[in-house]
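Trainee: Got a sequence here, can you build the structure:
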Amino acid sequence: MIQKGWKIRAGFVGFGEVNTPREFIDNRCRIAADELKKRGVELFETAPVSDDPAGEQAQRAVEELSKGDFDALVVCIAGWIPTWAVIKVIEPFKHKPMLLWGLSGWRENGHFVTTADQAGSTALRAPMQEMGYNFKYLVNKKDSEPRYDEAVSYLRAASASAMMHHAFIGMSGYRDMRLFGTLYDGNLLKRKIGAEIEHFDLLEIDQLIKEIPQAEIDVLADKIRKNWNFVRAPQEGTVENSVRLSLAFQKKIKERGYDAFSFCDVDGVKKLLKFAPAGALTLLHDEMDIPSVPENDSYGAVTQLIMKYLTGKSPAYMEFYEFTAQSALMGVPDYVPASVVDGKITVMPNAFGSFGEGLLNVSKVKTGAVTLVRLAQVDGELILHAVRGEAKTPETWEEAGWAPPAPQLPSIEVFFGKDSEEFLQNVMGQHYIVTYGDNMELIENYAKINGIKMIY
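Mentor: Numbers count the residues shown, from 1 in each chain. As a prediction, the model looks like this:
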């Protein structure tokens with residue numbers, strides 16, 4: 001399900017030649033529009049356009065569409081149409097992604113009837129490409145089902161792209177552990193994706209922590225003691241530390257209106273506040289539907305938000321621990337959002353190395369079809385690396401360094417269905433975003449709309 005408030009918004013205009021019986025054009029455009037709406041698309045429609053010599057229908061469509069607020073335009077070709085009539089309508093909306101969609105004929109009285117839809121659509125494809133339109137060309141075929149779901153996939157990607165152009169990501173600190181793979185080019189990010197990252201100091205969070213009323217802390221502390229499964233009893237103050245930090249992060253996120261969030265983990269919270277922040281982020285995800293990734297992972301945070309807007313769900317980040325010939329062991333040494341948890345949220349009070357005790361999330365993770373994806377920068381340009389896989393529960397394992405008894409970290413083993421070496425030779429970092437289902441078509445559409453190269 002797409003989350004509440006998330007919309008796929010598109011304009012819709014059909015076309016058919018002036019000498020074609022109007023009911024043939026109107027009826028099939030109506031069916032196409034209704035099928036899109038059944039699949040969750042919010043349409044702003046204008047009546048079909050023909051090539052009347054004075055161009056009055058085209059002008060009417062322009063005036064009506066100009067009043068709408070939409071992220072992409074469906075150019076629905078329901079019959080032969082001279083190219084000029086279509087270009088006259090769509091030229092004012094050239095800045096928007098477009099779906100050039102050729103419909104197909106129908107069977108009647110034992111034979112097939114066509115209005116030459118693909119004469120109209122094929123006449124448009126090359127000119128639109130040469131004129132610099134940003135569009136996807138989709139053709140219904142007479143021997144196949146109409147491609148409604150493919151149309152919606154493109155429109156969903158267009159709306160996600162529009163939302164990303166207003167995206168505002170908050171980040172506490174910068175370049176945790178002096179990592180190079182988490183750096184980003186702010187100008188490139190703004191140009192290609194539209195998102196902006198705002199950095200702030202952990203000092204702000206520390207100041208907010210000191211302002212939180214004890215009564216508010218007590219309420220949330222009692223709530224998580226009831227709702228979470230604790231492997232063992234925590235030390236005094238461990239739960240309260242997590243609640244304070246979570247409330248401070250939440251206050252900052254709400255105050256600034258961030259759409260996604262990252263923070264300095266090892267060189268920030270653990271080093272300066274003296275405890276692991278996993279419980280705080282687990283609680284944050286209980287209270288807010290916002291993507292988050294630790295360690296100032298800039299492009300990881302952007303990837304998470306892209307995938308949230310494409311799928312309607314906040315995804316998890318995971319990192320690589322081991323590889324086999326055909327799989328990857330992925331896990332997280334801190335937290336996962338409830339959206340990927342199989343069963344009840346489970347936490348274990350534990351410490352790692354010299355860091356103080358925190359609430360480590362050790363929940364079981366859902367399995368099934370997954371798509372791994374990461375935005376990255378290669379030779380001064382942005383790319384999207386994505387791969388499909390099947391997530392399974394891994395064998396029992398542990399990460400060395402945790403206080404005994406060592407925890408079973410939230411993890412999955414992702415099988416690629418082919419040699420893992422192909423993935424390894426293109427891997428773009430230790431963090432990848434895990435989304436459930438086959439989301440390759442959505443990612444490909446998003447990449448095409450934004451002129452971003454895909455790597456598989």
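Trainee: Which residues lie in contact with residue 46 in this structure?
Mentor: Taking Cβ atoms under 8 Å, 6 or more residues apart in numbering, we find residue 46 in contact with 11-13, 60-61, 64-65. C-beta here means a position set from N, CA and C on the backbone, and glycine is covered the same way.
Trainee: Would you mind checking the residues you listed for buried ones?
Mentor: 11-13, 61, 65 (16 or more other Cβ atoms under 10 Å).
Trainee: Roughly how far does residue 125 sit from residue 231?
Mentor: Residue 125 sits 59 Å away from residue 231, going by Cβ to Cβ, to the nearest Å.
Trainee: and what of residue 184?
Mentor: Residue 184 sits at a distance of 37 Å from residue 231 (criterion: Cβ to Cβ).
Trainee: Compare these two (neighbour count), which wins?
Mentor: Applying other Cβ atoms under 10 Å to residue 184 and residue 231 shows that residue 184 carries more neighbours, namely 22 against 15.
Trainee: so the more buried one sits right up against residue 196, yeah?
Mentor: No. Judged on Cβ atoms under 8 Å, residue 184 makes no contact with residue 196 at a distance of 10.9 Å.
Trainee: Quick check: which element contains the nearest residue to residue 256 once chain neighbours are set aside?
Mentor: Nearest residue to residue 256, sequence neighbours excluded (Cβ to Cβ, 6 or more residues apart in numbering): residue 170, at 5.8 Å. Per DSSP states H and E: residue 170 is located in strand 168-172.
Trainee: Check which helices and strands that strand sits against.
Mentor: When contacts are defined as 3 or more Cβ pairs under 8 Å, 6 or more residues apart in numbering; DSSP states H and E, strand 168-172 sits against strand 196-200, helix 202-211, helix 238-256, strand 260-263, helix 298-311.
Trainee: would you turn those into TSV with distance to residue 319?
Mentor: Shown next, in TSV, are those (distance: least, Cβ to Cβ, whole Å):
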stretch	distance to residue 319
strand 196-200	21
helix 202-211	22
helix 238-256	21
strand 260-263	14
helix 298-311	10
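Trainee: Nearest approach to residue 100 belongs to which of these?
Mentor: The closest of those to residue 100 is helix 298-311. By Cβ to Cβ, the value is 21.4 Å.
Trainee: picking up where we left off before, mark which of the buried ones among the contacts of residue 46 are part of helices, please.
Mentor: Of the positions in the buried ones among the contacts of residue 46, 61, 65 sit in helices, assigned by DSSP state H.
Trainee: Looking at the buried ones among the contacts of residue 46, which one is closest to residue 215?
Mentor: Closest to residue 215 out of the buried ones among the contacts of residue 46 is residue 11 (50.8 Å), distances taken as Cβ to Cβ.
Trainee: Return the residues in contact with the closest one.
Mentor: Taking Cβ under 8 Å, 6+ apart, one finds 43-46, 65, 68, 70, 72-74, 93, 96 in contact with residue 11.
Trainee: Same check on residue 347?
Mentor: 228-231, 278-279, 282, 359-363.
Trainee: Residue 170 versus residue 189, what's the distance?
Mentor: Between residue 189 and residue 170 the computed distance is 15 Å (Cβ to Cβ).
Trainee: Equivalent analysis for residue 230, please.
Mentor: Residue 230 is 30 Å from residue 170, by Cβ to Cβ.
Trainee: of these two, who's got more company?
Mentor: Counted by other Cβ under 10 Å, residue 230 and residue 170 do not tie: residue 170 has more neighbours, with 23 against 14.
Trainee: Let's see the pLDDT reported for the spatially most central residue of the chain.
Mentor: Centroid check for the chain by Cα atoms, centre = their mean gives residue 307 as the closest residue, at 1.3 Å. Looking at residue 307, its pLDDT stands at 98.
Trainee: rewinding a little: what's the next helix or strand along the chain from the strand holding residue 170 in contact with?
Mentor: Next along the chain after strand 168-172, taking DSSP H and E as the criterion, comes helix 186-192. Helix 186-192 is contacted from outside by 195-197, 298, 302, 377, 380-382, 450-452, using Cβ under 8 Å, 6+ apart.
Trainee: cool, and stretch 398-413?
Mentor: 231, 318, 321, 327-333, 335-336, 341, 348, 350-353, 360-365, 367, 370, 391-397, 434.
Trainee: all helices of the chain, in order?
Mentor: Taking DSSP H to define them, one finds helices in the chain at 22-38, 56-65, 83-90, 117-130, 148-164, 186-192, 202-211, 214-227, 238-256, 278-287, 298-311, 420-424, 440-450.
Trainee: Just the CA atoms of the fifth one, as PDB, please.
Mentor: This points to helix 148-164. C-alpha atoms of helix 148-164 as PDB (Å, rounded to 0.1, in the frame of the first residue of the first chain):
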ATOM      1  CA  TYR A 148      -1.700  -0.400 -17.600                       C
ATOM      2  CA  ASP A 149       0.700  -1.500 -14.800                       C
ATOM      3  CA  GLU A 150       3.700  -0.400 -16.800                       C
ATOM      4  CA  ALA A 151       2.100   3.000 -17.400                       C
ATOM      5  CA  VAL A 152       1.500   3.400 -13.700                       C
ATOM      6  CA  SER A 153       5.100   2.400 -12.900                       C
ATOM      7  CA  TYR A 154       6.300   5.200 -15.000                       C
ATOM      8  CA  LEU A 155       3.900   7.700 -13.600                       C
ATOM      9  CA  ARG A 156       4.800   6.700 -10.000                       C
ATOM     10  CA  ALA A 157       8.500   7.200 -10.800                       C
ATOM     11  CA  ALA A 158       7.600  10.700 -12.300                       C
ATOM     12  CA  SER A 159       5.800  11.700  -9.100                       C
ATOM     13  CA  ALA A 160       8.700  10.300  -7.000                       C
ATOM     14  CA  SER A 161      11.100  12.400  -9.100                       C
ATOM     15  CA  ALA A 162       9.000  15.500  -8.500                       C
ATOM     16  CA  MET A 163       8.900  14.900  -4.700                       C
ATOM     17  CA  MET A 164      12.700  14.500  -4.700                       C
END
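Trainee: which residues of the protein score low on pLDDT?
Mentor: 1-5, 351-356 (pLDDT under 70).
Trainee: quick one: furthest residue from the center of it?
Mentor: Largest separation from the mean C-alpha position in the chain: residue 109, at 46.5 Å (Cα atoms, centre = their mean).
Trainee: so how far is residue 260 from it?
Mentor: From residue 109 across to residue 260, the span is 57 Å (Cβ to Cβ).
Trainee: For beta bridges, what are the partners of residue 169?
Mentor: On the basis of DSSP bridges, residue 169 is bridged to residue 197, residue 260.
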